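Engineer: Okay, sequence plus prediction incoming.
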Amino acid sequence: MQTHYKGFLEQGSNQPMSGLGGIGLKIVVPKESTPGESRVALDPDRVKRLVDAGHEVAVETGAGAGAFFSDEAYVEAGARIVASDGLYNSVQAVLKVQRPTAQELANYPTGTTLIGLLNPQDDLEGVKRLGKGGLTAFALELVPRIARAQKMDALSSMASLAGYKAVLIAAHALGKYFPMLITAAGTIPPAKVLVLGAGVAGLQAIATARRLGAVVSAYDIRPAVKEQVESLGAGFLELKLDERTEDEGGYAKALSDEAQRRGQELVHDHIKGVDVVITTAQVPGRRAPQLITEAMVRDMRPGSVIVDLAAENGGNCALSEAGKVVEAHGVLIHAPLNVPGTLPVHASQLYARNLIALFEHLVQDGNLVLDFEDEITRDCCVTHQGEVISPRVQAALAPAR
Ligand code: NAD
């Protein structure tokens, strides 16, 4: 089933597109309103790409400031800079990083296309608001992890940045060198780093810690990652389990209580001898598995550092407090949120490329073309004409109905 949305008038709006001969969409890039958010949905390069393709792009004043993209750079790329008043007049597509607030949503005309990190599986009230607002909303978190959608995979881009930065946070907090050093005052042994979960963030953390000269080991329940871990020069802690640990799509499955306990035992043995633990374990759609208990923290060396990247989702460490640094039993436990936002230039550039790849998948010859038989379009579309389209969001809503 293909649905074509030709031009703005056919989407039930009150004003025609201006000066484009009907070949492009009118796109708005707002300044992110979430406190502390430094990323922006489009960098000037991606704006230029859209303008060259015939779209009209309005960027809110100062939208790129957090990522050091000036208003002038956007103007040079062909955008108009617009104050917040009237920003959404006759808009057709809003491109965002974070989900919009209820107040922002109220300003979007019915039929507007919204693309962003909308967190639809956790924010079911937000999904209902998108439906009520008549928005055609796409969530980048829902991009399927299939080969042809790789260029749209913003979660992987962001996880990679977070994995890299987690190691720098740890190196900054640790009262030791990472590399081995031979000095006139004697030899300093390298720091020992343990990475829990070797998906996108974990593999980048391993590579970064290795570049800094640490001795690295990693643990993951999916045996398939052993080779990748070892190819980065890290040791792999292997747990032989009788149960399947990944589904048909290659994603981790939740473990039985017994397997979970054995995993914790393995980590407990190893954690006593390391200086840094970076935790990145997750099972899609679930609370993060708890891999580090308080007893394990107590057994770590004083001055050791844990950086828990799964804090937003409950944390991999029992003592993590989302968004905070806590000290427990002499161990510093960092549980940072929005780590990619601390690297706003590259985070915005990569995010913009992922977003535009999805946009270009959805827009043909200046028109939104929705083919819900296409896996990418169907999976990412949260709402369209008041209906929830994504099967994953439908499933998340089912118990609440
Ligand atoms: P991913 O799915 O690619 O990797 C997660 C890995 O955890 C998988 O390899 C999986 O097999 C492994 N795993 C699952 N259960 C496990 C268990 N019990 N023991 C050991 N390993 C287990 O995920 P990702 O994209 O690398 O993201 C990792 C985490 O980082 C997520 O929680 C994500 O939300 C978080 N993240 C945080 C930030 C931040 O700013 N704090 C930013 C980006 C990502």
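Structural biologist: Here it is on my side, so go on. Values in this document were obtained by computation on a predicted structure and should not be read as measured data. Numbering: from 1, shown residues only.

Engineer: Run through the residues that contact residue 145.
Structural biologist: By CB atoms under 8 Å, 6 or more residues apart in numbering, residue 145 lies in contact with 153, 156, 249-251. C-beta: built from backbone N, CA, C; applies to glycine.

Engineer: Mind putting those into JSON lines with secondary structure and neighbour count?
Structural biologist: Shown next, in JSON lines, are the contacts of residue 145 (DSSP: H, G, I helix; E, B strand; the rest coil; neighbours: other CB atoms under 10 Å):
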{"residue": "153", "secondary structure": "coil", "neighbour count": "22"}
{"residue": "156", "secondary structure": "helix", "neighbour count": "18"}
{"residue": "249", "secondary structure": "coil", "neighbour count": "9"}
{"residue": "250", "secondary structure": "coil", "neighbour count": "9"}
{"residue": "251", "secondary structure": "coil", "neighbour count": "15"}
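
Engineer: Find the nearest non-adjacent residue to the closest residue to the ligand within the stretch 101-250 of the chain, please.
Structural biologist: Using CB to the nearest ligand atom, residue 199 is the residue of the stretch 101-250 of the chain that sits closest to the ligand, at 1.8 Å. Leaving aside its sequence neighbours, residue 199 sits nearest to residue 280 (CB to CB, 6 or more residues apart in numbering; 6.4 Å).

Engineer: Quick check: that neighbour touching residue 205?
Structural biologist: Yes: using CB atoms under 8 Å, residue 280 is in contact with residue 205, at 6.6 Å.

Engineer: The two: which has the busier surroundings?
Structural biologist: Neighbour totals were compared for residue 280 and residue 205, and residue 205 leads with 34 against 28 (other CB atoms under 10 Å).

Engineer: give me the element the more buried one is part of.
Structural biologist: Element membership for residue 205 (DSSP states H and E) is helix 200-211.

Engineer: Would you mark the buried spots in that helix?
Structural biologist: 200-210 (16 or more other CB atoms under 10 Å).

Engineer: quick one: least confident helix or strand in this protein?
Structural biologist: When the helices and strands of the chain are scored by mean pLDDT, DSSP states H and E, strand 2-5 comes last with a mean of 49.

Engineer: Verify the contact between residue 207 and residue 232 for me.
Structural biologist: Yes: the pair residue 207 and residue 232 qualifies as a contact (CB under 8 Å) at a distance of 5.2 Å.

Engineer: check contacts around the residue lying closest to residue 162 once chain neighbours are set aside.
Structural biologist: Sequence neighbours aside, residue 339 is the residue nearest to residue 162 in space, at 4.0 Å (criterion: CB to CB, 6+ apart). Residue 339 makes contact with 161-162, 165-166, 169, 309 under the criterion CB under 8 Å, 6+ apart.

Engineer: Kindly report the same for residue 384.
Structural biologist: By CB under 8 Å, 6+ apart, the contact list for residue 384 reads 136-137, 370.

Engineer: Kindly report the same for residue 230.
Structural biologist: Residue 230 neighbours (CB under 8 Å, 6+ apart): residue 236.

Engineer: What would the helix or strand hosting residue 116 look like as CSV? C-alpha coordinates only.
Structural biologist: Using DSSP H and E, residue 116 sits within strand 113-117. The C-alpha trace of strand 113-117 is given here as CSV (Å, rounded to 0.1, in the frame of the first residue of the first chain):
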residue,chain,number,x,y,z
THR,A,113,5.6,15.0,9.5
LEU,A,114,7.8,14.7,12.6
ILE,A,115,11.1,12.8,12.7
GLY,A,116,13.2,12.4,15.9
LEU,A,117,14.2,10.3,18.8
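
Engineer: thinking again about what came up before, what about the residue nearest to residue 199, distance to the ligand?
Structural biologist: 4 Å (CB to the nearest ligand atom, to the nearest Å).

Engineer: which residues touch the residue nearest the centre of the chain?
Structural biologist: Taking CA atoms, centre = their mean as the criterion, residue 155 is the residue nearest the geometric centre of the chain, at 3.4 Å. Residue 155 sits next to 140-141, 143, 200 when contact means CB under 8 Å, 6+ apart.
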